[in-house]
Every structure is written in C-alpha cells, then in structure tokens.
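Peer 1: Below are the sequence and a predicted model; questions follow.
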Amino acid sequence: MGGEAVSRMKILLFGKEGQVGWELQRSLLTVGDIIASEQHELDFENRDAVRGWVRRHEPNIIVNAAAYTAVDRAESEPDKARRINADAVGILAEEAHRLDAWLVHYSTDYVFDGTKNGPYREDDLPNPLSVYGMTKLEGETRIRECHTKHFIFRTSWVFAARGNNFAKTMLRLAKERDALTVIADQHGAPTSAELLADVTALALHQAIQKEGRPDLAGTYHLVAQGETTWHDYAQYVIAVAQEKGMALKTAPQHIHPIKTEAYPLPAKRPQNSRLNTSKLTSVFGVHLPEWRIHVHRLIEELALQGGL
C-alpha cells in the first residue's frame, strides 16, 4: 500500500519496574515507541545522569513513573526522597520544556492534610503532613514553574498484581494469622495501576492530535470511583480471595477495626484521601470504574497464579 509514512512518537519512560511503570509498558504501545531505562542504567538521584539520558534520546513524550514511595522511611531520608521526588522531576521538566515535549508525572493524595470534609479538588490548597508528601508537592511545583506541557495525575492507594501493596500484604498476613487489626478511620479509593496506565494513554492520544492540544495540560485527580476505608478494603480483599478458593486463616469477620492513633507510624497520613475526579472525566470524556472492579480482577489474577 502507498501513502506517507506516519512518524511515531518517541516515549521515554522512567520507573518501568514499578507497579504503574509495568502497566505503562503495555498501554503506551498504542501511543508510540517506548524507551525504558533499566535500574542499573540510570541513577535517578543523579541529576546529570537524568539530564544526559533525556538528551541521549530526545523524546517527544517523557513519562515519569519513578518515585521514592517509602513513606515512613522518607522521614529519616528526606534528602534522598527530595532528590528523587523533586530534583530529578525538575530536570525532566526543564528538558521537556527545551524539547517542547509532553511530560507525564504521577503525584499523590499525600499533598493534602486530609482535614477537608469532602473529596479534594485540584485547586484545593495542598498542606502535606509528611516528608513524602512535601517532596511530591515540590516535584509538582518544579513542573509548573517550567511552563512545560504536562499532565500531573494525582492518585491514591495504588495496587497491582506486580510489586508490593496493601491488598497483597493483607493476603499474606491472612495466610499467617487468625485475626488482623486494620485502620478504619482513613478514607480513600483503591486505584489500580492498570487504570492509571490506560487513562494516561487515553489522555496522551488526545493531547498529541494533529494540531496538538496544549490546552489540555494541567493537574488531574485520577482515582477509581467510590470510597472505602483500609479496614473495609481489607475485608473485601479477604472475602473475594476466599470465594476464589485461597487458603486463608483469617476470615473477613476477624479483621478488626482500629483508629489511626492505635497504630502509630513515623509519617502522618491524611485521614481523608478522597479525590474529586470530575475535571478528568469532563475534559477527557472517560468513565472511571468503581474501585471494587479492579480489586476483584487483582484477586482473580493472583488466584490464577496460585496466590502470592
């Protein structure tokens, strides 16, 4: 067949081994050609190395799924968290601006203090309670200060079949113990890495139309619909796992609720992690599924793999 060759977008992906990065390797294939760095190839704490990697590849799109996510450890490693969550992000923003490339970055509900009564909107005032939240907010600020075309997707309670997360921890503990205690006064929406990756690809498809859509740039809240607590989330995970035939010692009714103060941790968490997604659904015309749908898929996938 004749016709003009279509120029493929070159996508530079950081953090490919993480929960979100792994799913992005799948979803971004519909957007362009992916170049993803191996962990041994690039030290994300080294600003010169990060800048050099971008200049080596000169991408059309930079997607940053790399982050320092050890929330409690960040309290004792603030400099390391800042180098990864803020300094490196600032370099990516500078390079994206130089290249007139799109930059996609993932942020967190932890930029808020959790004192609002309802779900947080994108323009609500951030007030992070932890080093992790502060460094993630700094990363957001670095991007905005560079005036580059960007998507900042704030999300919460991320899970996937790959990597470590709350749902998998509950399944592991339920195999070992007769009863569990789980915090019941923090509210949010468990959100799958699969959903984050799919919506990212959808947003980029719209952003890179023939004429380009820089007007779409900005910050968006991206979480599954509905809300729950860590306690109710744990009960749901264990109930579905039992349905799927997983051998567990803990039954859902033996997961007992406790308050946050009964389980002190180095980093303070927001009690309200609910995020309003109306801006995202309106701008991109996307339907976000209820949180239980992807959690159910997760348990099915783990069950097919023989559990954890």
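Peer 2: Done, it's in. What you see is a predicted model, and the numbers here were worked out from it, not measured in a lab.
Peer 1: mind checking pLDDT for the closest residue to residue 192 other than its chain neighbours?
Peer 2: Residue nearest to residue 192 in three dimensions, not counting chain neighbours: residue 294, with 3.6 Å by C-beta to C-beta, 6 or more residues apart in numbering. Placement of C-beta: from N, CA and C, glycine included. Note on residue 294: pLDDT of 96.
Peer 1: Same question for residue 294, what's its three-state structure.
Peer 2: Classification of residue 294 using DSSP: H, G, I helix; E, B strand; the rest coil returns helix.
Peer 1: Give the burial count for it, as a bare number.
Peer 2: Neighbourhood size, residue 294 [other C-beta atoms under 10 Å]: 18.
Peer 1: who does the helix or strand that contains residue 62 touch, helix- and strand-wise?
Peer 2: Remark: residue 62 resides in strand 61-64, with elements defined by DSSP states H and E. Other helices and strands packing on strand 61-64, by 3 or more C-beta pairs under 8 Å, 6 or more residues apart in numbering; DSSP states H and E, are strand 9-14, helix 88-99, strand 102-108.
Peer 1: looking at those, which is closest to residue 147?
Peer 2: Across those, residue 147 has its closest neighbour in helix 88-99 (6.5 Å, C-beta to C-beta).
Peer 1: and the closest one, what's its mean pLDDT?
Peer 2: 97.
Peer 1: tell me the angle it makes with strand 102-108.
Peer 2: The directions of helix 88-99 and strand 102-108 differ by 160 degrees, with axes from the mean of the first three to the mean of the last three C-alpha atoms, to 10 degrees as the criterion.
Peer 1: Please identify the buried residues of helix 88-99?
Peer 2: Buried residues in helix 88-99, counted by 16 or more other C-beta atoms under 10 Å: 88, 89, 90, 91, 92, 93, 94, 95, 96, 97, 99.
Peer 1: right, and the third one touches residue 148 too?
Peer 2: What that stands for is residue 90. No - between residue 90 and residue 148 there is no contact under C-beta atoms under 8 Å: 10.8 Å.
Peer 1: Parallel or antiparallel, list what pairs with the strand holding residue 62.
Peer 2: Strand 61-64 pairs in its sheet with strand 9-14 (parallel), strand 102-108 (parallel), by DSSP bridges.
Peer 1: Mean confidence (pLDDT) on the last one, please.
Peer 2: On average, the pLDDT along strand 102-108 is 98.
Peer 1: how far does it sit from the chain's center?
Peer 2: What separates the centre of strand 102-108 from the centre of its chain is 9 Å, taken as C-alpha atoms, centre = their mean, to the nearest Å.
Peer 1: Just the C-alphas of the helix or strand following it, formatted as CSV.
Peer 2: Downstream of strand 102-108, the first helix or strand assigned by DSSP H and E is helix 131-146. The C-alpha coordinates for helix 131-146 follow below in CSV (Å, rounded to 0.1, in the frame of the first residue of the first chain):
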residue,chain,number,x,y,z
VAL,A,131,8.3,14.3,54.1
TYR,A,132,7.0,12.1,51.3
GLY,A,133,4.0,14.4,50.7
MET,A,134,6.2,17.5,50.8
THR,A,135,8.7,16.1,48.3
LYS,A,136,5.9,15.1,45.9
LEU,A,137,4.4,18.6,46.1
GLU,A,138,7.8,20.0,45.4
GLY,A,139,8.0,17.9,42.3
GLU,A,140,4.6,19.2,41.1
THR,A,141,5.8,22.8,41.7
ARG,A,142,9.1,22.2,39.7
ILE,A,143,7.0,21.1,36.7
ARG,A,144,4.6,24.1,36.9
GLU,A,145,7.5,26.5,37.2
CYS,A,146,9.0,25.3,33.9
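Peer 1: elements contacting the next helix or strand after helix 131-146?
Peer 2: Next helix or strand after helix 131-146 toward the C-terminus (DSSP H and E): strand 150-155. Other elements packing on strand 150-155 under the criterion 3+ C-beta pairs under 8 Å, 6+ apart are strand 102-108, helix 131-146, helix 193-207, strand 218-221.
Peer 1: Direction included, what does the helix or strand just after strand 150-155 pair up with?
Peer 2: Next along the chain after strand 150-155, taking DSSP H and E as the criterion, comes strand 158-159. Note on strand 158-159: by DSSP bridges, its sheet partners are strand 191-192 (parallel).
Peer 1: And for the strand it pairs with, what's in contact with it?
Peer 2: 155-160, 222-224, 291, 294-295, 297-298 (C-beta atoms under 8 Å, 6 or more residues apart in numbering).
Peer 1: can you list those residues in TSV and add distance to residue 31?
Peer 2: Below are the contacts of strand 191-192 laid out as TSV (distance: C-beta to C-beta, whole Å):
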residue	distance to residue 31
155	19
156	25
157	26
158	21
159	24
160	20
222	17
223	22
224	22
291	26
294	21
295	27
297	23
298	25
